[in-house]
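Trainee: Give the three-dimensional model of this entry:
(chains A and B)
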Amino acid sequence: MDMNAIEIEGISKSYGSVQALRDISLQVRCGEIFGLIGPDGAGKTTLFRIMTTLMLPDAGRGRVSGLDIVEDFALIRRTIGYMPGRFSLYQDLTVRENLEYFATLFGTTVRDNYENIKEIYSQIEPFGDRRAGKLSGGMKQKLALCCALVHRPSVLFLDEPTTGVDAVSRKDFWNMLARIKASGVTIFVSTPYMDEAALCDRLALIRDGVIIGAGTPREIVSGFPFRLLSVKGDRMYRLLKVLRDTDGVISCFSFGDSHHLTYDPAKTDREKILGILTEAGFGGCIVKEIEPGIEDCFMWLSKR
Amino acid sequence: MKEFAASVIKEFRHIFRDRRTILIAMVMPVVQIILFGFAVSTEVNDVRVVFCGDLSDPAVRSAVDRIDNNRYLRITGRLYNPAGIASVFRRNEADAAVCFDRDFGSSIVSGRASARIIGDGSDPNTAQMITSYIRGVLQSEQTDFSVSFAGGQQMSMTPVVQLMYNPAMKSSYNFVPGVMGLILMLICSMMTAVSIVREKETGTLELLLVSPVKPLWIIVSKMIPYLALSVVNFTSILLLAHYVMEVPVNGSLLLLSVAALVFMVTSLALGLLISVISPNQRTALLICGMGLTMPVMIFSGIIFPCESMPAVLQWFSDIIPAKWFIIIVKKVMIQGDGLASVSGELAILSGMAALLLAVSIKSFRTRLQ
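Mentor: Next up, the predicted model:
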């Protein structure tokens, strides 16, 4: 199908005098993992609430699975799964009771959809009689995901699912998302972690309620107009100062055991920089071209 | 329908897994009834009386004996000088004093004998009751005396006071309807209000709203367990009142129960309204405490009689559902009235229930604010 799972156009929302979202437009294709990347307070949760029909936008229109987010809100609520940013299950109910309750709310049963959640649920099933409030962070997140998936939604909204989860569980979680995607579900996920951006099929970068960039991770990275070098050598501190004073260098930071340097390819290149370094007495430096990351793009885009 | 049943079961689980809720919902009514029944009793019992008079005078002796033999009064001492009364009161050694004239026995024949009754006015309600008890005792002494002296009833009249429906002047007749109104209202409105607001706070309401279930059904499913709890409470209060406090149920039990159900629905609707308008549990509790508990305490007649309030406050008390329920309970339970005499109050309560439900349902949002 060529239809977009989510289409929003010109969405704006403000709380009193604070403008949370400004003229947001997005298209999410069916069956992809779409990432909304931005720092805290960028307006990610507000956008989620508007798309999941929990809030009305001040302006703009949107469709989820072809249904209008304002008029067809009751129909949308049947077809989407939503996992809010905060753990929002009943802490005093057990794992099984939570899951069964949410299955019933959507007019289905855990047994009917067991296949759909089996892979994730089997990991927490041994703790079925434990109260949700007594689970570890990673297990809570798995339970919340199960509850959001138990009614076979066609679009899954995950608001910062990996915030506050350890690195191993985060990796696990993204593996789970890949498998959910393989079953045909469109996933709209937000995260403040730039390293997770590369795992999405397509991205939108959001800052202060404005989309500052969108596309596949590769497109976003290729839109970065500068190039990056990794420079390694002796007398690192002096080296940093020399590099920063070099013509055509946009910025330079120390990054672990090397310096990451951004330069404007219109003004200089790797050979020139290497030459300047040798001239300044920094012979034997290892200078490598490196690929810019999403974070570099985000920083550049938000400064623009 | 399955969704509704699941929500009701879920709500019962919340209640039974939270010890605090159980404590408030099940234990509080019993404790309150017992507290009001025994500790906050306004009845006068075991009054300590001192007297001042000549014990060699047979008339004085007879009067003192009569006071001592009264089941509410007890002679605890004798003073030789009326001037000592103040210090006895100050040391809290007596609740009342009786002073007989020096020649009480001899002047009684000429009808000029007098006995002063002195009460402790620092607690006017109690003093009033105690002095009227003692006055009653002396009055009967006077009647007996004239009978034995003149050999027959002299020309005199004695007002005989009788309190219908409550001859023993038990305060439980007053507070049981009051406590009933208070408890049912607290359980129904406060707990419903808090339980919905709690879901707003924990974020679970967000998930419920995103589900296809009509939010209204979720709300209604929240009311069912509290309605059930209230029915249990109503029964236990009624049983306690009847078997422990010995308050009779003179009217129809069915009518009483119907009135209680109507009142519960009114309170539930009120709770729903509070939960709709308050953003967090603290606000909800504040509204319930200031807006519901206080007025009910004041206007239920537990503490102050409604009739002696300024007109403005009386008008205000008209908008409090508990007031009407308490009137019904008093009429049906104590006076034994039938449907005809409470139909007005019942209609007002039903009207309030309908209005509150309509307003709260209308203002309930299917979205976050």
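Trainee: Could you chop the chain up by domain?
Mentor: All of this refers to chain A. Chain A resolves into domains spanning A:4-222, A:227-303 when parsed by automatic domain parsing.
Trainee: that's the wrong chain, I meant chain B
Mentor: Split by automatic domain parsing, chain B gives B:2-40+B:170-363, B:47-150.
Trainee: now for the one helix or strand B:Leu184 maps to, which elements pack on it?
Mentor: For B:Leu184, the element it lies in under DSSP states H and E is helix B:172-185. Secondary-structure packing of helix B:172-185 (3 or more C-beta pairs under 8 Å, 6 or more residues apart in numbering or on different chains; DSSP states H and E): helix B:28-34, helix B:215-243, helix B:253-277, helix B:294-299, helix B:321-329. Using the backbone N, CA and C atoms, a C-beta is placed for each residue, glycine as well.
Trainee: contacting residues around the one residue in the stretch 201-304 of chain A that gets nearest to chain B?
Mentor: At 17.7 Å from chain B, A:Gly209 is the closest residue in the stretch 201-304 of chain A, using C-beta to the nearest C-beta. A:Gly209 makes contact with A:Gln19, A:Ala20, A:Leu21, A:Arg22, A:Ile24, A:Ala42, A:Gly43, A:Thr46 under the criterion C-beta atoms under 8 Å, 6 or more residues apart in numbering or on different chains.
Trainee: Looking at those, which is nearest chain B?
Mentor: A:Thr46 (10.1 Å).
Trainee: Residue numbers of the stretch 251-369 of chain B in contact with chain A?
Mentor: Listed as neighbours of chain A in the stretch 251-369 of chain B under the rule C-beta under 8 Å from any C-beta of the partner chain: B:Thr366, B:Arg367, B:Leu368.
Trainee: quick one: terminal-to-terminal distance for stretch A:40-49?
Mentor: Stretch A:40-49 has an end-to-end distance of 15 Å (criterion: C-alpha to C-alpha, to the nearest Å).
Trainee: which outside residues touch that stretch?
Mentor: In contact with stretch A:40-49 (C-beta under 8 Å, 6+ apart) are residues A:11, A:13, A:20-21, A:24, A:36, A:38, A:55, A:82, A:84-85, A:157, A:159-160, A:188, A:190, A:192, A:206-209, B:206, B:368.
Trainee: I'd assumed A:Thr52 was in contact with B:Arg367.
Mentor: No - if you go by C-beta atoms under 8 Å, B:Arg367 and A:Thr52 don't touch, sitting 9.9 Å apart.
Trainee: which of the two has more neighbours?
Mentor: A count of neighbours by other C-beta atoms under 10 Å in any protein chain shown puts A:Thr52 above the other of B:Arg367 and A:Thr52, at 27 against 15.
Trainee: Residues contacting the helix or strand containing B:Ser360, please?
Mentor: For B:Ser360, the enclosing helix or strand under DSSP H and E is helix B:339-363. The contact list for helix B:339-363 (C-beta under 8 Å, 6+ apart) reads B:216, B:252, B:255, B:258-259, B:262-263, B:265-266, B:269-270, B:272-273, B:276-277, B:321, B:324-325, B:327-328, B:331-332.
Trainee: pLDDT of it, averaged?
Mentor: What helix B:339-363 shows for mean pLDDT is 90.
Trainee: Pull out the buried residues from it.
Mentor: Using 16 or more other C-beta atoms under 10 Å in any protein chain shown as the test for burial, helix B:339-363 gives B:Val342, B:Glu345, B:Leu346, B:Ile348, B:Leu349, B:Ser350, B:Met352, B:Ala353, B:Leu356, B:Leu357, B:Ser360.
Trainee: Run the chain-centre distance for the helix holding B:Leu184.
Mentor: 5 Å (C-alpha atoms, centre = their mean, to the nearest Å).
Trainee: dump the residue contacts of the residue of the stretch 151-300 of chain B found nearest chain A.
Mentor: Proximity of the stretch 151-300 of chain B to chain A (C-beta to the nearest C-beta) peaks at B:Gly203, 3.6 Å away. Going by C-beta under 8 Å, 6+ apart, B:Gly203 touches A:Pro84, A:Arg86, A:Phe87, A:Ser88.
Trainee: Would you quantify the distance from the first one to A:Asn98?
Mentor: Computed as C-beta to C-beta, to the nearest Å, the A:Pro84 to A:Asn98 distance reads 14 Å.
Trainee: Also the last one?
Mentor: In this structure, A:Ser88 and A:Asn98 are 10 Å apart, going by C-beta to C-beta.
Trainee: Let me see the ranges of the helices in the stretch 201-304 of chain A.
Mentor: A:217-222, A:236-245, A:270-279, A:294-303 (DSSP state H, counting those that start in this stretch).
Trainee: In TSV: these, plus mean pLDDT, distance to B:Ser195 and mean neighbour count.
Mentor: As requested, those are exported to TSV (pLDDT from 0 to 100; distance: least, C-beta to C-beta, whole Å; neighbours: other C-beta atoms under 10 Å in any protein chain shown):
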stretch	mean pLDDT	distance to B:Ser195	mean neighbour count
helix A:217-222	88	45	16
helix A:236-245	85	60	15
helix A:270-279	84	66	15
helix A:294-303	83	43	18
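Trainee: what would these look like in CSV with distance to chain B?
Mentor: Compiled in CSV, the helices of the stretch 201-304 of chain A are given as follows (distance: least, C-beta to the nearest C-beta, whole Å):
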stretch, distance to chain B
helix A:217-222, 29
helix A:236-245, 46
helix A:270-279, 51
helix A:294-303, 28
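Trainee: Ok, which of the ones you listed comes nearest B:Glu141?
Mentor: Comparing the helices of the stretch 201-304 of chain A against B:Glu141 with C-beta to C-beta, the closest turns out to be helix A:294-303 (99.3 Å).
Trainee: so how far is the closest one off the chain centroid?
Mentor: For helix A:294-303, the distance to the chain centre is 15 Å (C-alpha atoms, centre = their mean).
Trainee: and what of stretch B:56-63?
Mentor: For stretch B:56-63, the distance to the chain centre is 42 Å (C-alpha atoms, centre = their mean).
Trainee: buried residues in that stretch?
Mentor: Under 16+ other C-beta under 10 Å, the buried positions of stretch B:56-63 are B:Asp57, B:Ala59, B:Val60, B:Ala63.
Trainee: so who does the nearest residue to A:Leu205 once chain neighbours are set aside touch?
Mentor: Distances taken as C-beta to C-beta, 6 or more residues apart in numbering or on different chains put A:Gly213 closest to A:Leu205, at 4.3 Å, once the chain neighbours are dropped. For A:Gly213, the contact set (C-beta under 8 Å, 6+ apart) comprises A:Leu203, A:Ala204, A:Leu205, A:Ile220, A:Gly223, A:Cys297, A:Phe298, A:Leu301.
Trainee: ok, now B:Met26?
Mentor: Contacts of B:Met26 (C-beta under 8 Å, 6+ apart): B:Leu229, B:Val232, B:Asn233.
Trainee: isn't the last one right next to B:Gly181, touching?
Mentor: No - between B:Asn233 and B:Gly181 no contact is recorded; they are 11.8 Å apart, counting by C-beta under 8 Å.
Trainee: quick one: which of those two has more around it?
Mentor: Using other C-beta under 10 Å as the criterion, B:Asn233 and B:Gly181 rank with B:Gly181 on top: 29 against 24.
Trainee: So what's the residue count around the nearest residue to the more buried one once chain neighbours are set aside?
Mentor: Closest residue in space to B:Gly181, ignoring its immediate chain neighbours: B:Ala322 at 4.0 Å, by C-beta to C-beta, 6+ apart. A count of neighbours around B:Ala322, defined by other C-beta under 10 Å, yields 28.
Trainee: re earlier: the inter-axis angle of the helix holding B:Leu184 versus helix B:321-329?
Mentor: 140 degrees (axes from the mean of the first three to the mean of the last three C-alpha atoms, to 10 degrees).
Trainee: next helix or strand past helix B:172-185?
Mentor: Next element after helix B:172-185 (DSSP H and E): helix B:191-202.
Trainee: residues of that following helix that come out buried?
Mentor: So for helix B:191-202, counting by 16+ other C-beta under 10 Å, buried means B:Met191, B:Thr192, B:Ala193, B:Val194, B:Ser195, B:Ile196, B:Val197, B:Arg198, B:Glu199, B:Lys200, B:Thr202.
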